[in-house]
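>>> Quick one: sequence and predicted model below, then my questions.
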Amino acid sequence: MAPRTKLIEAVSPEAVDTRFLRTLVGYNARRAALVIIDSFVREMAVHGFRPVDFSVMSVIKDNPGVTSRQLCAELNIQPPNLVSLIQSLEKRGLIERQAHPSDKRATSLHPTAAGRELMQAAEGTATDLEARACARLDLTQRTQLLKLLQAVYT
């Protein structure tokens, strides 16, 4: 005797139930991130930055002399992944390596004048993108959202 199979009623897209997913922080954070990252990737292409390149350059620009170890810890990047990224930024003339003043084993990373100039333009693009992405939020809501998201990962 063949086993019975239960027929599953087809669901039209209008009837998709995502109530449970909408209660999950991760689901909502990912949905928001996908929207923002998609725009970020498109708009940062003009500056030659992917999200990780922009993040690394931002930290180097705001922390001249930062080490690769510090970058990895702050941005949650695996050291092997950072090596090629640093080489690429250096090859583009955006950063330079210098001997670390107190740790002979470490190298400090510094933005070049070209790197600072490109980051000024890229940060303007990022600021405009964020303003559009958060257009439905007032300043208080945006500030609260940032604090809440940071509370999840810090």
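Nice, thanks for sending it over.
>>> Would you mind measuring from the residue nearest in space to the middle of the chain to Asp62?
Central residue of the chain (C-alpha atoms, centre = their mean): Pro51, 4.8 Å from the mean position. In this view, Pro51 and Asp62 are 17 Å apart by C-beta to C-beta, to the nearest Å. The C-beta positions use only the backbone N, C-alpha and C, and glycine is treated the same way.
>>> swap in Phe54?
12 Å.
>>> between these two, who's got more neighbours?
Phe54 (19 against 10; other C-beta atoms under 10 Å).
>>> Show me what secondary structure element comes after the one helix or strand the more buried one maps to.
In this assignment (DSSP states H and E), Phe54 forms part of helix 51-62. Once helix 51-62 ends, the next helix or strand along the chain (criterion: DSSP H and E) is strand 66-67.
>>> roughly how far out does that following strand sit from the chain middle?
With C-alpha atoms, centre = their mean, to the nearest Å as the basis, strand 66-67 stands 19 Å off its chain's centre.
>>> Tell me which other helices or strands it touches.
Under the contact criterion of 3 or more C-beta pairs under 8 Å, 6 or more residues apart in numbering; DSSP states H and E, strand 66-67 touches strand 107-111.
>>> helices or strands up against the strand it packs on?
So strand 107-111, by 3+ C-beta pairs under 8 Å, 6+ apart, packs with helix 51-62, strand 66-67, helix 68-75, strand 95-99.
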